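Trainee: Sharing a sequence plus its predicted fold:
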Amino acid sequence: MKSIRDSCIELLESEDTRKNLREIIQPISNMIYNELYPYMWLLCIYLVVVTFIILMNLLLLVRVLNQLGGLYVTSIGEYTLQS
C-alpha cells in the first residue's frame, strides 16, 4: 500500500498533470498579481518618499551640528558640544 505522499509524487510526475495544474494555477496567479499591482507601486513610492525624508533629516542635522560647532564624543561616552 502506497502512502499519500508517494501517491501525490506519482501523480505529479506525469507531464499531463503538471500541464493541467499550470493551466489551472496561471489564471489564479494572474488575478492575484493584478489585484496586488497597484499596492506594489504604492509601496515603491512610499519607500522613495521615506528615503527622501530620512536624507533631508540627515542634511538638516548636519547643518545644525555645523552651526553649533560640531558634536564630539568623549572617551567615556558622553556627548559634548564644542563652544
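Mentor: Done, it's in. If you're wondering where the values come from, they're calculated on a predicted model, not measured in any experiment.

Trainee: Next one: L65 relative to I53, how far apart?
Mentor: Separation of L65 from I53 (C-beta to C-beta, to the nearest Å) stands at 19 Å. All C-beta spots, glycine's among them, are computed from the backbone N, C-alpha and C.

Trainee: quick one: which of these two has more around it?
Mentor: Using other C-beta atoms under 10 Å, the more surrounded residue of L65 and I53 is L65, with 13 against 10.

Trainee: So that one, which state does it fall into?
Mentor: helix (DSSP: H, G, I helix; E, B strand; the rest coil).

Trainee: And the pLDDT for it?
Mentor: Per-residue pLDDT puts L65 at 79.

Trainee: so where do the strands sit in this protein?
Mentor: With DSSP state E, the ranges of strands along the chain come out as 71-73, 79-81.

Trainee: quick one: low-confidence parts of the chain?
Mentor: Of all residues in the chain, those with pLDDT under 70 make up the ranges 70-83.

Trainee: need the helices for it, in chain order.
Mentor: For the chain, the helices defined by DSSP state H cover 4-13, 15-68.
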